[in-house]
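In: Could you look at this predicted model? Sequence included:
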2 protein chains.
Amino acid sequence: MADEALSAGAVARRLGVAVTTLRTWHQRYGLGPSEHVPGHHRRYTPADLARLETMRRLTANGVAPAEAARWAVQAPDTGPPGAGVGAGKRSARDGGGATIPVGRSGPAARGLARSAMRLDSNAINEVIDRAIRTDGVVTTWDTLLRPVLAGIGERHVATAALIEVEHLVSRCVSEAFAAVVRAHAPDGPPRLLLSCADEEQHSLPLEALGAALAEAGIAHRLLGARVPVRALLEAVNRTGPAAVVLWSQTRSTADPAQLTALLTGPQRPLLVFAAGPGWRAGSLPAGVVRPVDLAEALSLAAAVRDSLDQSAAG
Amino acid sequence: MADEALSAGAVARRLGVAVTTLRTWHQRYGLGPSEHVPGHHRRYTPADLARLETMRRLTANGVAPAEAARWAVQAPDTGPPGAGVGAGKRSARDGGGATIPVGRSGPAARGLARSAMRLDSNAINEVIDRAIRTDGVVTTWDTLLRPVLAGIGERHVATAALIEVEHLVSRCVSEAFAAVVRAHAPDGPPRLLLSCADEEQHSLPLEALGAALAEAGIAHRLLGARVPVRALLEAVNRTGPAAVVLWSQTRSTADPAQLTALLTGPQRPLLVFAAGPGWRAGSLPAGVVRPVDLAEALSLAAAVRDSLDQSAAG
DNA sequence: TACGAGTTGCGTCGATTCATGCGTCGAATT
DNA sequence: AATTCGACGCATGAATCGACGCAACTCGTA
């Protein structure tokens, strides 16, 4: 670690705020140099600077300063500031429709596919539950459920068959996620709102995120599929979440106007996540964070975890 | 400083009610911050919040707000004996406001409606689970869930609002039924196939039937919504069920040809049920049984099971 | 079965309170 | 000499307050 210790003025200039504000943030929110003896000059380490960067970015997104400071204090790095997202690698696009739709996704996937073809919901449930219990929600989703569902989906659009299989598996997956959410008691008021974009009917990925959040002890609200913009704004207005995750599976449902409506809504500004492969990186309004996969969405949401809402300060 | 001095907005968001409602509760029932000078902002201490939590819990169970407030003021963490669906004395009148019309469906229905308006999925789950545990699936469906869902639906078609509420409640109901199915281990191979009619997207009644069947120890398969005729025949052909229940919610999805196709298929099931209000009694092909409600469908299915057992034993 | 009375949640409006960023000042630090 | 420190104060926009009213629902009654 470079032991560079930035002075208050340097930090203030870098952040674009006044020196006095730094002092104010320190004494009001405790957001200052980690080691500081009263009366002496403040020396900001890179870690302190990172905290202040988080504070600046959150406040720039409209988060109330008191709340933003709380997040910044306990979660130094809440993800990329928006620049690094564009370099998102196109993740595995499992091309090639082979005879076995799951490809090389492991034996569990093959077993699941077989149970699905047999319409054996008990076996499906058993496989999914065990995978979740063993590997957790994220891994199960990425390495088991998504491949199988993608395989069924490809086959379905190609052959116009397997519709009943797709429905059954979707139901089982949904139920498994719901069971995870039910098993983990929520530890506080839900400050996270998950919703599908307008006309978007694929809610399973969002349910996966919800289950992963529950697994991590993070409370949330999940609205479901096909949420019109008006209904979404209504829900935001009513519950006032700290962050909203809007899922879009396909390009046709990824209308950036929905994000803009969220950011300019009557309710207080908030963090907005644009999740799902539908969104185009270039056309997103400013202030929208775009996680590339489930794991990143989870870690981003974790930054909001322990923030008990209280806008009062003493 | 008291690190827990919640502002009015924060509390309102946490409870899922409007800020105005909080003020109303204060001046109508005296349910407010313990220390509050008129004109100043309200600061809710944890004790005050606990009181409001009690208020929320009681109203979620259908207690009239005035009475719930009386309880919450004097006993922050106690409640009246939580009773089942039909219980509860009607001591106080129950008003309206921004809620869902449930008519005379009992206090639990009103509590569920209030929780739904608050988008409080935890409270919704709690109410539903307890009702199912106390009164069983059939009674819960007929006297609690269906009235509330019908109320939401009516208001939804009239006002084009409450879509998010409808989705949330539907999800919770679906999850509750799924939990019932999971909790009761199936005792044999499923000889019963439940499926929605083609284009039919309301699968909740079928899920209710599925949960009731599971509760009675009858194994079944549930395909889900929007099952094309070809997919249904495919599933019947593959699994060879003894009976098939085909659900149709509205007249537009009740094509009798689907029933005829079932009866003339190669793997002809022993019995075909045409369930749901969509079917017209006159236009059903011969050999199709039409249960009028959930209870009748359940008893018919039980009869099928028993006859199968007898034939297997003999 | 229709209607009035009682209840309840919440929107609106003008006034007030509060949180926040920053300027200023005398003393201390580098 | 150049900053920075701690303390205080100020301007401003957001949040809230109190009051009022409205629409909707339930229930008792005719």
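Out: Now that the structure is in, tell me what you want to look at. All values derive from a computational prediction rather than experimental measurement.

In: Show me what from the stretch 101-250 of chain A comes close to DNA strand C.
Out: Contact residues, the stretch 101-250 of chain A versus DNA strand C (C-beta under 7 Å from any atom of the strand): A:R238. All C-beta spots, glycine's among them, are computed from the backbone N, C-alpha and C.

In: Kindly report the residues of the stretch 101-250 of chain A close to chain B.
Out: A:118-119, A:121-122, A:125, A:161-164, A:167-168, A:170-171, A:174-175, A:178-179, A:181-182, A:186, A:189-190, A:195, A:221-228, A:230-232, A:234-235, A:238-240 (C-beta under 8 Å from any C-beta of the partner chain).

In: Selecting buried members of those in ChimeraX, what would you type?
Out: Buried residues among those (16 or more other C-beta atoms under 10 Å in any protein chain shown), as a ChimeraX selection:
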select /A:119,121,122,125,162,163,164,167,168,170,171,174,175,178,179,181,182,189,190,195,221,222,223,224,225,226,227,228,231,232,234,235,238,239,240
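
In: Just to be sure, which of the residues of the stretch 101-250 of chain A next to chain B are found in strands?
Out: Among these, the members falling in strands (DSSP state E) are A:195, A:221-222.

In: between those, which is nearest chain B?
Out: Nearest to chain B among those, counting by C-beta to the nearest C-beta, is A:R221 at 6.1 Å.

In: which residues pair with that closest one across the strands?
Out: A:R221 has these beta-bridge partners by DSSP bridges: A:L193.

In: correct me, but it touches A:R238?
Out: No: the pair A:R221 / A:R238 is not scored as a contact, 10.4 Å apart, by C-beta atoms under 8 Å.

In: which parts of chain A sit against DNA strand D?
Out: By the rule C-beta under 7 Å from any atom of the strand, the part of chain A lying against DNA strand D is A:7-10, A:19-20, A:22-24, A:26-27, A:38-42, A:64, A:268, A:311.

In: Let's see which of the residues you listed end up in helices.
Out: Residues of these located in helices (DSSP state H): A:8-10, A:19-20, A:22-24, A:26-27.

In: Determine which two of those are furthest apart.
Out: A:A10 and A:Q27 (19.6 Å; C-beta to C-beta).

In: Look at the two and report which has more neighbours.
Out: A:A10 (14 against 9; other C-beta atoms under 10 Å in any protein chain shown).

In: Domain boundaries for chain A, per the record?
Out: Residue ranges for each domain of chain A read A:8-74, A:107-181, A:187-302, as given by automatic domain parsing.

In: need those in JSON lines with mean pLDDT, can you?
Out: Shown next, in JSON lines, are those (pLDDT from 0 to 100):
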{"stretch": "domain A:8-74", "mean pLDDT": "88"}
{"stretch": "domain A:107-181", "mean pLDDT": "86"}
{"stretch": "domain A:187-302", "mean pLDDT": "86"}
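
In: Would you mind putting those into a markdown table with distance to B:A109 alongside?
Out: A markdown table is the format used below for those (distance: least, C-beta to C-beta, whole Å):
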| stretch | distance to B:A109 |
| --- | --- |
| domain A:8-74 | 37 |
| domain A:107-181 | 23 |
| domain A:187-302 | 21 |
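
In: Out of those, which gets nearest to B:L246?
Out: Of all those, domain A:107-181 sits nearest to B:L246, with 13.1 Å by C-beta to C-beta.

In: what distance separates the closest one from the centre of its chain?
Out: 22 Å (C-alpha atoms, centre = their mean, to the nearest Å).

In: same question, stretch A:181-196
Out: 13 Å.

In: So for it, first residue to last residue, what's the gap.
Out: One end of stretch A:181-196 to the other measures 18 Å (C-alpha to C-alpha, to the nearest Å).

In: Kindly report the same for stretch A:194-205.
Out: End-to-end distance of stretch A:194-205 (C-alpha to C-alpha): 11 Å.

In: Residues contacting it, please?
Out: Around stretch A:194-205, the neighbours that count as contacts under C-beta atoms under 8 Å, 6 or more residues apart in numbering or on different chains are A:141, A:149, A:170, A:173-174, A:206, A:209-210, A:220-229, A:232, A:235, A:244-250, A:252-255, A:258, A:275-276, A:278, A:294, B:164.
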